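>>> Following is a predicted model, sequence given first.
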Amino acid sequence: MMHDILARQDPEVAAAIADDIRRQTDEINLIASENYASSAVLEATGSVLTNKYAEGYPGRRYYAGCENADVVERLAIDRVNALFGTEAANVQPHSGSQANMAAYFATLAPGDRVLGMQLDQGGHLTHGSPVNFSGKLYEFASYGVLREEETIDYEAVAATAREFKPALIVTGATAYPRIIDFARFREIADEVGALLLVDMAHIAGLIAGGAHPSPAPYADLITSTTHKTLRGPRGAMILSRQPFARKVNSAVFPNAQGGPMVHAIAAKAVAFAEAARPEFRTYAAAVVANAQALAGALADGGLRIVSGGTDNHLLLVDVSTRDITGQEAEDTLRAAGIIANKNAIPFDPLPPRVTSGVRLGTPALTSRGMGTSDMDTIAAFVLDALGAGSDERALASIRGRVNKFASAFAVPGVDNA
Ligand SMILES: *Cc1c(COP(=O)(O)O)cnc(C)c1O
């Protein structure tokens, strides 16, 4: 991908972009929340639609000249509703956090009670963290996972819901490797008269591709990012049942946001069409097969996998059995050209800046066309790197092999894929 004009006019920014193209090509990206958008998605993102102000919604704008903005926003709405089988969609949220903010504004009053997943067991900051607006504006209680199985403790969700009587129950996670039982959450919500919000940010692409059950039959509202497994541009959306549509729209604009990013909405429309293709089903299945292959190979190498494996695109590795911390594992892997993030494991004795685990995800590698045998190679790199510890020469040698291996795979959006 060339940036000729930018390179001439602003060599400093162009150089940083060129460096990141090289980084994205040479490294093994195991960040579970990242992916590679297609060339078509990138073209729409980089289009002149970024110039347009289009406050409001299709057919009801506060600016003139919105006819083409209307076209792309309607396409995005229709395509995403068809993709997930939902009744209403708002495709304007700039990020997943802002989608959640708007979803809360649409359904809650400040001070209302919400039940969400515990942050150190997989929940998101916007699910009630005290440092986030959610924990400041609403009264949150939380649920977590069973100590032995490390899967969601549905009995405890139900018991806490009965006692706490939340107005809203939130499920969805950033670091949970198992299928979420949305029907069970619906049952619990109905029993206590709560609404159900599913934040499917991490698994939206798996759901679109049929590799994870859909929350659509069960949730009142669904929020999601568009840039994770879904492979769209950076951004988000809110899907809902029709009775919530008006409240959701006014909660996004004018309540939480100003003008929509029309270029991003166009790119979302492109991504939703890509996710509706048969190839995307193959992709979603391959993401899960790769995560399971990686988990299996790492377990064979003596690492403990949280909950014993994975049903989705990510795995949590407990590195404490190797007498290292999550932070040390992240640093060691990075020195070997493998990018992953430290992550708390359930009941982690170490603080969030250190942790006992690393989170590994396969969406990005699968977008580069890697398969299960490549996961065996990557597991060997990971095990070698963790074994090398602070031996810098050994890590540099692994990095050489990692770069050679990774750069043989095309990067979508960079190599015209
Ligand atoms: C990534 C994520 C978000 C937030 O998305 P941003 O675009 O980073 O604001 C919200 N909820 C969950 C579950 C996520 O995984």
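Received the coordinates, thanks.
>>> shaky segments in the chain?
Filtered on pLDDT under 70, the chain yields the residue ranges 1-2, 416-417.
>>> what does it have sitting close to the ligand?
Contact residues, the chain versus the ligand (CB under 6 Å from any ligand atom): 33, 95-97, 100, 124, 126, 172-174, 199, 201-202, 225, 236. Bear in mind the C-beta positions are built from the backbone N, C-alpha and C, glycine included.
>>> how about the residue in the stretch 301-417 of the chain that the ligand sits nearest to, phi and psi?
Per CB to the nearest ligand atom, Leu314 is where the stretch 301-417 of the chain lies closest to the ligand, at 10.4 Å. Dihedral pair for Leu314: phi -140, psi 160, per degrees, to the nearest 10.
>>> quick one: contacts for the residue in the chain positioned nearest to the ligand?
Across the chain, the shortest distance to the ligand (CB to the nearest ligand atom) belongs to Gly96, at 2.3 Å. Going by CB atoms under 8 Å, 6 or more residues apart in numbering, Gly96 touches His124, Thr126, Asp199, Ala201, Thr223, Ser224, Thr225, Ala236.
>>> which one is Pro352 nearest to, not counting chain neighbours?
Ala344 (5.9 Å; CB to CB, 6 or more residues apart in numbering).
>>> what sits against the one you found?
Counting by CB under 8 Å, 6+ apart, Ala344 touches Asp120, Gln121, Ala175, Gly326, Leu350, Pro352, Thr355, Ser356, Gly357.
>>> The second one: neighbour count?
Neighbouring residues of Gln121 were enumerated by other CB atoms under 10 Å; the total is 22.
>>> is it true that it touches Asn343?
No: counting by CB atoms under 8 Å, Gln121 stays clear of Asn343, with 10.6 Å between them.
>>> what pairs with the nearest residue to Ile180 once chain neighbours are set aside across the strands?
Closest residue in space to Ile180, ignoring its immediate chain neighbours: Thr171 at 5.8 Å, by CB to CB, 6+ apart. Bridge pairing for Thr171 (DSSP bridges) gives the partners Val198.
>>> Verify the contact between Thr171 and Val198 for me.
Yes: in this structure Thr171 lies within contact range of Val198 using CB under 8 Å: 5.7 Å.
>>> Now do the shared contacts for those two.
Ile180, Phe182, Phe185.
>>> Quick one, which of these are buried?
Buried by 16 or more other CB atoms under 10 Å: Ile180, Phe182, Phe185, out of the shared contacts of Thr171 and Val198.
>>> list the contacts for the last one?
Think Phe185. If you count contacts by CB under 8 Å, 6+ apart, Phe185 has them with Val157, Ile169, Thr171, Leu196, Val198, Tyr218.
>>> Contacts only, for the third one.
The neighbours of Thr171, taking CB under 8 Å, 6+ apart as the test, are Gly116, Met117, Ile180, Phe182, Phe185, Leu196, Leu197, Val198, Asp199.
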